[in-house]
Structure formats: structure tokens, C-alpha cells
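# Next come a sequence and a model predicted from it.
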Amino acid sequence: MSTVQDVSAAPAVAAVPKKAMALGPLASLIILALLIVTPLFVKNFIIFQMTMWLIYAIAVLALNILTGASGQFSLGQSAFYALGAYTSAILMEHVGVNYALTLPVAGLVCFIAGFLFGLPALRLSGIYLALATFALAVAMPQLLKLGVFEHWTGGVQGLVVTKPDAPEILASLGLKVSQDMWLYFFTLAVTILIYILSVNLLKSRSGRAMMAIRDNEIAASAMGVDVSLYKTLAFGVSAGITGVAGGLGAIAVQFVAPDGYTIQLAIALFLGMVVGGVGWLPGSLAGAAFIVFVPNIAEHVSKGLSGAVFGVILIIIIFLLPNGARQLAYLAQGLIGKLRKH
Amino acid sequence: MELFTNQVLAGIATGAIYACMALAVVMIYQAIDHLNFAQGEMAMFSTFVAWQMMQWGIPYWGAFALTLIFSFVGGIVIERALFKPLAKAPVLTHVAGFIALFAIINSVAGLTWDFTIKQFPSPFGSSPFLGSQLISTHQAGMIGVTIILLVLLFIFFRYTRVGLAMRAAASMPESARLVGINTSWMIALGWGMAAAIGSIAGMLIAPVVFLEPNMMGGVLIYGFAAAVVGGLTSPLGAVIGGFLVGVFENLVGTYIPGVGNELKLPIALALIITVLVVKPNGLFGRAIVKRV
């Protein structure tokens, strides 16, 4: 017995802007300037938080490429984040590779892992894919604790990572840059690089192919788009970028342990994407800010109920701003446009 | 051979837990076409409500019945307040909604009843069942309740007006509306029933895993695995899937060296992915043919 259903009218992701997934040049420059200037005036702890903010922004951006561009779900990004973090940490601590060089390796390892995971995931859609990736995220900490890899991963204890110093050339130029400050600017540089690459990817042929799949898979394949290739590719790219974020995270936190990469992290990244606006890359910054700073706010409101406050904020966002920060940005844009006319 | 039969028996006993949970998962999937990630937390909350009533001196079965009513109404209220306004929203928003629900319920339960482990009584006692050390009367009772529940659900969906209307509303909403079925309320009813079944599952599981706000984490994953193995569209499949997953888990743990407790969740993961890839509809699920 089989049931015939019409192909659902509602796509997995609704109301994604067709063209612009990026910001205009002026807005980009203003944000960039703020990102460069702010750390010069704040305390080290805040610089550290800003570093984590950028790192999560990279991870949210990666998820945004997967969901916003190719229309696939993932609740398992924490697994790739963990893989990247462990790759970086093991290379730095066991092999003695320079921290900056570990990032491309982490990206590559995760790209391959993501591509391979994408192959079976291809046959799944919507909620099934969410389920498979959810299971991946839940299983990851246990896999990392496995006795077989203990020599490399440090088992339950995890690994301690040395924090890199600023290059000596800066000191010889007479600039005193603290470790935190250096790490922040290093992360910022990586973030900008990844952002530019992602924007270009989405503008390219491949990006358009992904978006065609997102909007209508059947039509896309009828137009000659290799659906399975681009779907797995989107998975791989997304996992690769998440891996770089994970590597950066390991360096910034100076520590990797299995319990740092639970399903909570995957959920946080997912929420970051929803809050930032699905399919709008700059929203990743807003989404990451939500992940890093809102739990603190929630804890201020009520310590015991921080989870509830967090959930309520999320529900409010779903109802009032279903398109997240993108909607706010567009509103602001509209207002500015009106003011100019007057 | 004795080891084998013992492990299978023990597997069936744990499988009953997963079967209960899978039944709730399938129930909600039937009604709304989504997997509710907050299902486990809803069940946990219901169980705490039952515990609280027993603390107040209400006898077990009284508390049981009141909890069922509470969960049923609670499920409907959640659907009306939270998910009905989102009916037209993309899947993504629904998943975010489930997660928000998860966080809220978990946190409220943690604050109200704190995170210490609590004993939850069993109506069946915990003496050995028919002289077997492996299966206790509670576990046997659990298997019994699961089977009774399954039969009741079967009758409900097959022979009652409301049950048929619910199935129609889930499989072909448009046509169902045309013949006068209130599909919107059918969904709410599905939420209510799923919440009630979840609360039964919670009250049966709690004597085994003990009562605390995070008790459902692992169970839910196995419930998902069981539902996927049996097929997300079939309540019977979900129950059989639950027992299969329980037995499989135990046998793998016994016979494959190196697989102990530490690999339990990865086994569930491997199972979910294998079934989804090899037989996406599960063992008993219906194939869904889509019209372009």
C-alpha cells in the first residue's frame, strides 16, 4: 500500500532572498571598522568573548551555507566542530605544527568527513536529515572518549593546547600586542577570508546550482544540475568551514575535551542561524552574538530559569521576527531610505 | 546458549522502554509529520507531575489517571498556543520551536523539582518475574502495558470515527478538509494523544532510570532509533522496532568485543543511519509516493 502525496508546497526554507545573501559595501566597511577598533578599548576578557563570537559566527555561517543555500538541515554541526578542534589540537600538541597551519588541515579533514557523511545523508530530506545529524551530534562525545584513540585524544581528560604568542615582528616594531589581542585579530582575518570566499562561492555557478536545488529540486535536476554532487558538496564545504571554526575554537579556549562538543553546541549553532536569518550570511554575526551573549543575559534575569528565559526569547524571535536579524536589517534599510527622501 | 537467551530477554526488557517512547514519537509524527524533539522532556515533565501528586498523597492509579488528563490537555494547549500559529512556517521554524520548548520544560522542571535523583514507584513491584532473575515484574508489566496500548491504538485508528478522521487528516489534509474533517483540531488531538502516551512511557521508565530532569536524553534517541527501524508511519512497527533495538543493543554489547557502555549512543546512531539509508521507510512503514 502506498500513499500518494503532492510534493509539499512549502519549501524547507522559506523567504530566502534570491540574490543578495551579503551586505552592501558601505555597511560591510562600517561593521569591519567597528570590529577592528572595538578591541583596542576593552578588557582582555571581553576580547576573548569577542574572539569566541567571531568563531561561532564562522560556524553559523557554515551552517547557513548548508541550510540557506542548499536547503539541507543539520543538527550535527557540533560533530564537525569537534573534529576540527581535535585535528588542530592533535597536530599542535603531538606533531608540533604551527597553529595557523593546522587550520587548513582541520578544514580539509572536516571537508572529507562532511562529504562522506553527506553521501548517505543525500537520500534523506527535511526532518530525517535533522534526525540523522542529531544522532551524529549526540554520538560524537562518546566516540571521542573511545579508548582506542586515547593516546591521541587524551580520552575523557582531553588535551591542553598552548596559546600562541603574537609574532615577534610586531614586538620589534614597537607594538605591544597581548596574546588575546593577537588571537582576536588572527581570528578576524580568518573570518573575513572565509566570509569573502563564501560570498563568492554563492555567487558562482556552484552557488546558483545549490540555490536551485533549495528552491525546487526536481526543476533543478531537469535543468541539468547534478543534484547529488552539489548536495554532498554543500555538506562538505559546510563541514570544512565548521572544522576551521573548531580549530580556532580549540586555540582560543586552549583546551579540547569530549564534553565541550555536545548536542548543546549543535543546537546553539542552529539557533544562531535561525536568529541571524536563514540564508543571509551577515546574519551569522548577529546569530553568533545571540549564542555568546544571550545565555549570560538569561542568567542575569534568573539563574535557575536561564534555560526557560532562553527558550522564551527564542519563541519571541520566531513569532515576531521569523526571518531573524535579516528582517531587522531590512527594516532599518527601509527607514534610512525614507529619511533620505525627506 | 543460555547466555544468548538471557541477553535476548534482558534486551526485550529494555526494549520495552524504547517501544513506549517510539510509540509516542510515531503518534506525533502521524499527526503533524514532524519529529518532536521535545517529546522526551514533555514525558519527563508529566512524570514529575505524577510524582508530585503521589507526594501529596494521591494513590498511584489516581495520580496515573490525573497525569494522563493533564498531559493530554497540556499537549493540546501547547499545540494551540505555540504550533498552530506556526502551521504555515517552514520546517526550520518548527525545529527551532521544538528546541525552545525543550529548553523551557527542562529548565522549569529543574527549578521546580531540582536535579537530584528521585525514586519513582512501580505499580508492578520489582520482584523477579516467574522466577527469572533477568526480567522483573515491573519490566514484564511494562511490556504488557505497551502491548495493551498498541492494541487500543489499533482499535482507535481502525474502528473509531475520530481515529479514521485523524488518519485522513494526516495523510491527505486537502481531501480530508473537503469531506468535512476539522484537520486543525485533528492535529491538536494528535498532540494531546502523543503527550498522554509519552506520559505513560515516562511513568513506566522512571522506576528503571530514576526520575530527574535529564532522564530522557538517551531514551529519546533510542526511541527515535526504534521508530525509524519500525517505520515512522506504523505504531506496530515502532513497538517491534523498540524491542529489536533493545535486543540488538544487548547482543552487540555482549558478543562484539570492545563495545561496552561507552559505545551505546554510537550504536543508536549507526542503526538510525543504516536504516534510513537502506530502508528509509523502516520495516513496517508505508512508502510515500510523491506526485510531482
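Right, received. Where do you want to start?
# quick one, what contacts A:Leu321?
Shown in contact with A:Leu321 (CB atoms under 8 Å, 6 or more residues apart in numbering or on different chains): A:327-328. (Glycine included, C-beta is placed from N, CA and C.)
# can you give me phi and psi for it?
Dihedral pair for A:Leu321: phi -130, psi 70, per degrees, to the nearest 10.
# I'd like to know how far A:Thr87 sits from A:Gly246.
8 Å (CB to CB, to the nearest Å).
# Comparing these two, which residue is more hemmed in?
Between A:Thr87 and A:Gly246, counting by other CB atoms under 10 Å in any protein chain shown, A:Gly246 is the more crowded of the two (35 against 25).
# Am I right that that one is in contact with A:Gly84?
Yes: shown here, A:Gly246 and A:Gly84 form a contact pair, counting by CB atoms under 8 Å, at 2.9 Å.
# I'd like to know how many residues surround the residue of chain A found nearest chain B.
Nearest residue of chain A to chain B: A:Gly307, at 2.9 Å (CB to the nearest CB). Under the neighbour criterion other CB under 10 Å, A:Gly307 is assigned a count of 24.
# At which residues are the strands of the chain located?
In the absence of a named chain, this looks at chain A. Secondary structure of chain A (DSSP state E): strands at A:2-6, A:159-160, A:255-256.
# that's the wrong chain, I wanted chain B
Using DSSP E, strands in chain B cover B:128-129, B:132-136, B:287-291.
# Select from the ones you listed the stretch with the lowest mean pLDDT.
Set side by side, the strands of chain B give their lowest mean pLDDT on strand B:287-291, at a mean of 63.
# Centre of the chain to stretch A:70-83, how far?
Put simply, stretch A:70-83 sits 9 Å off its chain's centre (CA atoms, centre = their mean, to the nearest Å).
# show me what contacts A:Val109?
With contact taken as CB under 8 Å, 6+ apart, A:Val109 is in contact with A:83-84, A:87, A:243.
# run the last query once more with 7 Å
A:Val109 makes contact with A:83, A:87, A:243, according to CB atoms under 7 Å, 6 or more residues apart in numbering or on different chains.
# Now the first one: closest residue in space that isn't a chain neighbour?
Among residues not flanking A:Leu83 along the chain, A:Cys110 sits closest, at 5.3 Å (CB to CB, 6 or more residues apart in numbering or on different chains).
# go on, A:Gly236?
Per CB to CB, 6+ apart, closest to A:Gly236 is A:Phe115, 3.6 Å.
# For the one you found, grab the count of nearby residues.
When neighbours are counted by other CB under 10 Å, A:Phe115 comes out with 17.
# how close does it get to A:Leu197?
Distance of A:Phe115 to A:Leu197, given as CB to CB: 17 Å.
# just B:Pro59 next, same as before
66 Å.
# the more surrounded of those two?
A:Leu197 (12 against 9).
# From A:Gly240, how far out is the more buried one?
Distance from A:Leu197 to A:Gly240, by CB to CB: 11 Å.
# Then B:Leu251?
Distance of B:Leu251 to A:Gly240, computed by CB to CB: 37 Å.
# Comparing the two, which shows the higher neighbour count?
A:Gly240 (26 against 15).
# Counting neighbours, what do you get for the nearest residue to the more buried one once chain neighbours are set aside?
Spatially, and ignoring its direct neighbours in sequence, A:Gly240 is nearest to A:Phe111 (3.4 Å; CB to CB, 6+ apart). Using other CB under 10 Å as the criterion, A:Phe111 is surrounded by 22 other residues.
# Correct me if wrong: A:Phe111 contacts A:Ser238.
No: at 9.1 Å, A:Phe111 does not count as touching A:Ser238 under the criterion of CB atoms under 7 Å.
# quick one: the helices in chain B?
Using DSSP state H, the helices of chain B run over B:2-32, B:39-55, B:60-78, B:91-113, B:137-159, B:161-171, B:173-178, B:183-209, B:217-230, B:235-255, B:264-278.
# quick one: the helices in the stretch 201-342 of chain A?
A:205-215, A:217-222, A:227-253, A:263-276, A:283-301, A:306-320, A:324-341 (DSSP state H, counting those that start in this stretch).
# Any chance of TSV for those helices, columns mean pLDDT?
Formatted as TSV, these follow (pLDDT from 0 to 100):
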stretch	mean pLDDT
helix A:205-215	88
helix A:217-222	86
helix A:227-253	91
helix A:263-276	85
helix A:283-301	82
helix A:306-320	82
helix A:324-341	78
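# Now do the same contact list for the residue nearest to A:Ala220 when sequence neighbours are not counted.
Nearest residue to A:Ala220, sequence neighbours excluded (CB to CB, 6+ apart): A:Ala212, at 3.9 Å. Taking CB under 7 Å, 6+ apart, we find A:Ala212 in contact with A:220, A:223, A:225.
# could you measure the first one against A:Met210, distance?
Taken as CB to CB, the spacing of A:Ala220 relative to A:Met210 amounts to 9 Å.
# Show me which of these two is the more surrounded one.
The neighbour count for A:Ala220 versus A:Met210, taken as other CB under 10 Å, is higher for A:Met210 (28 against 20).
# Provide a list of residues in contact with the residue of chain B found nearest chain A.
Of all residues in chain B, B:Ser107 sits closest to chain A, at 2.9 Å by CB to the nearest CB. Contacts for B:Ser107 (CB under 7 Å, 6+ apart) come out as A:305-308.
# Same question for A:Ala85.
The contact partners of A:Ala85, taken as CB under 7 Å, 6+ apart, are A:246-247, A:249-250, A:256, A:261.
# pretty sure B:Leu82 is touching B:Ala100, no?
No: counting by CB under 7 Å, B:Leu82 stays clear of B:Ala100, with 8.3 Å between them.
# Check the offset of stretch A:234-241 from the chain's centre.
10 Å.
# Can you give the contact residues for it?
A:58, A:61-63, A:65-66, A:69-70, A:72, A:80, A:107-108, A:110-111, A:113-115, A:117-118, A:121, A:194, A:210.
# for residue 281, phi and psi?
Assuming you mean chain A. phi -60, psi -40.
# The chain in question should be chain B.
phi -90, psi 0.
# what about it, how many neighbours?
Using other CB under 10 Å, the number of residues around B:Asn281 comes to 18.
# Let's see the pLDDT reported for it.
Model confidence at B:Asn281, given as pLDDT, is 75.
# B:Gly231 is in contact with that one, correct?
Yes: the criterion here is CB under 7 Å, and B:Asn281 meets it with B:Gly231 at 5.4 Å.
# pLDDT below threshold where in chain B?
B:126, B:128-134, B:257-264, B:286-292 (pLDDT under 70).
# distance of A:Phe293 from A:Met52?
10 Å.
# between these two, which one's more packed in?
Neighbours per residue, other CB under 10 Å: of A:Phe293 and A:Met52, the larger number sits with A:Met52, 19 against 12.
# burial count for the nearest residue to that one once chain neighbours are set aside?
Spatially, and ignoring its direct neighbours in sequence, A:Met52 is nearest to A:Val292 (5.7 Å; CB to CB, 6+ apart). Neighbours of A:Val292 under the rule other CB under 10 Å: 20.
# residues in contact with A:Val292?
Contacts of A:Val292 (CB under 7 Å, 6+ apart): A:49, A:52-53, A:56.
# and which of these is nearest B:Glu174?
Taking CB to CB as the measure, B:Glu174 lies nearest A:Tyr56 of the contacts of A:Val292, at 41.9 Å.
# And for the closest one, nearest residue in space, chain neighbours not counted?
Spatial nearest neighbour of A:Tyr56, chain neighbours left out: A:Ala288 (3.8 Å); criterion: CB to CB, 6+ apart.
# what separates that neighbour from A:Leu271, distance-wise?
For A:Ala288, the distance to A:Leu271 - CB to CB - is 10 Å.
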